[in-house]
Every structure is written in C-alpha cells, then in structure tokens.
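In: Could you work out the structure for the sequence below:
(one chain, ligands or ions: 1)
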Amino acid sequence: MIQKPKGTYDVFGEYGKKVKELEKIMNALMEKYNYEYIRTPHFEASELFHRGVGETTDIVSKETYDFIDRGDRNMTLRPEGTAGVVRSYIENKMYGEAINPRKLWYYGPMYRYERPQSGRFREFYQFGVEVFGTNNPMMDAEVISIPVNFYKLLGLKGIKVNINTLGDKESRDAYRNALLEYFKPHLDTLCEDCKERYSKNPLRILDCKVDANKDIMKNAPKIIDYLNDESKSHFESVKKYLSVLGIEYVVNPKLVRGLDYYTHTVFEVEANVEGFGSQNVLCGGGRYDHLVEMVGGPSTPGVGFAMGLERLMTALDYENINLVEHDHVDCYIVPMNTNDYSFALMQDLRLNGFSVDMDYMNRKVSNNFKQADRLKARFIIIIGEDEVNSNILTVKDNHTKEEFKVNTLDIIDFLDEKLEDCGCEEE
Ligand code: HAM
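Out: You can find the predicted model right below:
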C-alpha cells in the first residue's frame, strides 16, 4: 500500500474540525489587528533562501527540499515564510505605497527535511506576520503580543515568553568577535556542530543543546555587555512596551534563534508544561532590519514571527482545550421517495445560511433518526408524498422532540426564529 511521505500527516475528523476552528480564530484576530493577508508561492528560486535565510543556517544547509524544474531552474520548497514575503514586498514595490507600516499575515505549509519526531514534521503549517517600514520598538511589542493574545484567546495557560536582543549590526559584530576570542582556546572541548558553528556563525554556539551545561557555556560573554547605546535603548523600549501591554516575559541571553537575518529583538514562546517534550517552542520571531536590503530591496526595517500549528494543537490537547463548538447541522432532511423536492429544498436552505445535510442512503426512518443524532441535527425535516402535495412540511425539533407542521414558504422564517431562540444560530 502506498503510504504518506515520512514526516507528513493527514488532516480529517476531529483534528480537522479543530484545525478549521483555529483558522477561524486566527482570521478574526488578524482582522482585529488590522493586518493584511498575503499568500506567496510554496516554492521559490533557491537563491532567495540562500540570501534570505542564510547559507550557514541548518535550514538552508541541511534541510531544504530542492529540485530542478523542467526549465533547468533551481527551485526550493519554502522552508519558512519570511523570505517569500520579503521577496513579494520588494517585487510588488509595496515600499513605494502610502500604507506604512505594511502589516502582512500568512498561513500555509512549509517544508524542511528534518528528522521527524513529535512536534517536528517535514511538512508543517505556519501562521506568521511580517511588518515592514518601521523600527519603532512599539511594533516589536505588537508583534510579540499577537501569538501571546492568540494563545490567550484559545485559553492556553502554560506558556512562557523568552526575549533577547542581538543588537544592531555594530553591536552584533562586536559580540561576534568577543565570542570568537572567548571560544578559541576551548574549541576542542566543544561538540562537532559547535566547531562548525565557530567558523560559520559563533552566536549559534550559545543555543547548543549538547554543550549547554558546560561551564564554558555558562561563562560565555553576554550580548548585553556589547550593545551600543542605540541597541540598549531599543531593547529597553521593547521591554517597557511589553509591560504596557501586560505581557510577562523572561530575558534569556542565550536566545539567538536559528536564522541569520535577525537584528535587535528576538523572541520565542514556549509551552511551559511538564512532559511536553523537547519540541516545545510554539513560535519564534524577531526584528530583521537588513533583510529587505539583502534580498535586493531598499533599506527597510522589518519585524515578524511565525508559529507552528502542529505544536499548538499538541499544547491544546495537553490542556484539554476543545475548540469545536459548532459541531452540528441545523437540519437533516429525510426524503421518502421525494429526492427531487428534498434535494431542491436542501439547496434553498443552504443558500439561506443554514447548515443542512440529507439522507443519500435510502435509510429506514428509524435509521435516519439515528443518523440525525450522529450528525447532532437540531431539526429533522421529513418529506413524503403528502408533504410534497400539500407543501406543508413535517419538522421535528430533535432537542425537544416536538413536531411542527410548517408551510414550505415559511420554513426559513421558522428555522430562523427557532435557532435564534435557542441561541444556536451561526454567526
Ligand atoms: P522558526 O523558528 O524556524 O522561525 O519557525 C517558527 C515556528 O515554526 C517554530 O517555533 C515551530 O513552532 C514551527 N516549526 C519550525 N519547524 C518545524 C517543524 N519541522 N515541524 C513543526 N513545526 C515547526 C521561522 O520560520 C521564521 N520565519 C519566523 C519569523 C518570521 N521571524 C521573523 N518573521
């Protein structure tokens, strides 16, 4: 039997309902924040990710799905959303438009050839935002507030916000040199990956899981001591604005993130629940004031985040949060040799805003009642020859078990009224 590719999964049933509910909440939240939806291609020229995400990152050096298309072009399935959105911002000259800052949000699948494990997939979904055109630290705080408020809306309690700063280019370069100097005499005590990081991106030595508990790591220079005044003041403002928004956070000086494009603020929100597992980072992001330029656009500051949907789903399960409320149909139609009439009525009801299903299996009446219960139907409409001839429908309230005779012309008003009375009308 052909099976799904390793590191992928199918969405259906209860999981599917929960995903759809999450998407609804996400849409509504982004409307409240006044962000604009953007969708970019699932594959891009490979060069974009080399320039945009960084040659030295694991994502680009080890994890991309690359292919050569039939026109001999090097293409890559997007491993993350930021680079594509930056490309689109530049290509569509959004920097020249009056809307500033430009606040964009996206949702879709990303692809990384990682070793699959719990919370780590090869195809996974990210919800993210990218904001262009302002270096106001208020915007860093706004971006951090989005996932925090999203988790709050969902009722998730066990979360921890970690923040750090990498400073501007000058501060970051000074820090990089300090790390090179510090680790040089201890190189042989570090793991193989860290030896490689030393030459490519020494900041990443700091988030090594293997060497984390060694004294050499604990005593490493801290970025805070290498920040110039401007970088310090930016970070102080971000912290102040987070407090203004009532967002609790922890400053974690080891947080450097796995992508090369960050400057100033970086942050991650982790699931702070016992036994959650090692893949507990629910989302991450930060500021990237040079990325637009690096990809070929005019110098434009940017800040954003992305969250993985799969880890969020696990976190919701851990806290027994069930999002699915509208898990029923308004009407279930039972046609008794009246398929044409019933089918047309169903169409009419659906177009008038009701959720409706009907029997396609020629079930016996008693089995149809069972099916209506399975679908959690609020009303059952039974349609036989008599109903067709008289245009008077038999409608059963499946909650109260009351039966009504309703003229076909009045059925929409009748359902509207009843559903409103019980408060089960859809928004
Ligand atoms: P990232 O930290 O690579 O950042 O990914 C963001 C989130 O995507 C992670 O925190 C995690 O929840 C989820 N994620 C990443 N890889 C996997 C995987 N293999 N399986 C399941 N979930 C995964 C970025 O992608 C940046 N583009 C974020 C950003 C936007 N920074 C600025 N703007």
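In: Around the ligand, which positions in this structure sit nearby?
Out: Residues of the chain lying near the ligand by C-beta under 6 Å from any ligand atom: 80-82, 112, 114, 120-121, 124, 126, 128, 130, 258-259, 281-286, 304-308, 310-311. The C-beta positions use only the backbone N, C-alpha and C, and glycine is treated the same way.
In: Tell me which of those fall in helices.
Out: 82, 310-311 (DSSP state H).
In: Give me the buried entries from the residues you listed.
Out: For those, a burial check counting by 16 or more other C-beta atoms under 10 Å picks out 82, 310-311.
In: what's the closest of those to the ligand?
Out: Thr82 (3.9 Å; C-beta to the nearest ligand atom).
In: is it possible to export the buried ones among the ones in helices among the residues of the chain next to the ligand to CSV including distance to Glu387 and pLDDT?
Out: Shown next, in CSV, are these (distance: C-beta to C-beta, whole Å; pLDDT from 0 to 100):
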residue, distance to Glu387, pLDDT
Thr82, 58, 97
Glu310, 48, 96
Arg311, 51, 96
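In: residues contacting the most centrally placed residue in the chain?
Out: By C-alpha atoms, centre = their mean, the chain has its centre lying nearest to Phe127, at 2.5 Å. Residues in contact with Phe127 (C-beta atoms under 8 Å, 6 or more residues apart in numbering) are 26, 105-107, 150, 306-307, 309.
In: give me that answer again for 6 Å
Out: If you count contacts by C-beta atoms under 6 Å, 6 or more residues apart in numbering, Phe127 has them with 26, 107, 307.
In: Also His186?
Out: Applying C-beta under 6 Å, 6+ apart, we find His186 in contact with Ile216.
In: Could you pull out the buried residues of the host helix or strand of Lys370?
Out: Applying DSSP states H and E as the criterion places Lys370 in helix 365-374. By neighbour count on 16+ other C-beta under 10 Å, the buried set for helix 365-374 is 368-369, 371-372.
In: Quick one: the helices in the stretch 151-300 of the chain, in order.
Out: Here the stretch 151-300 of the chain has its helices, by DSSP state H, counting those that start in this stretch, at 169-183, 192-200, 215-218, 229-244, 291-294.
In: Next, the angle helix 169-183 makes with the longest one.
Out: Meaning helix 229-244. Counting by axes from the mean of the first three to the mean of the last three C-alpha atoms, to 10 degrees, helix 229-244 lies at 100 degrees to helix 169-183.
In: Excluding chain neighbours, give the residue nearest to Met313 in space.
Out: Lys18 (6.6 Å; C-beta to C-beta, 6 or more residues apart in numbering).
In: how close does the one you found sit to the ligand?
Out: 16 Å (C-beta to the nearest ligand atom, to the nearest Å).
In: number of nearby residues for that residue?
Out: Neighbour count of Lys18, defined by other C-beta atoms under 10 Å: 18.
In: buried residues in whichever strand or helix holds it?
Out: Assigned by DSSP H and E, Lys18 belongs to helix 13-32. Within helix 13-32, the residues scored as buried using 16+ other C-beta under 10 Å are 17-19, 21-22, 26, 29-30.
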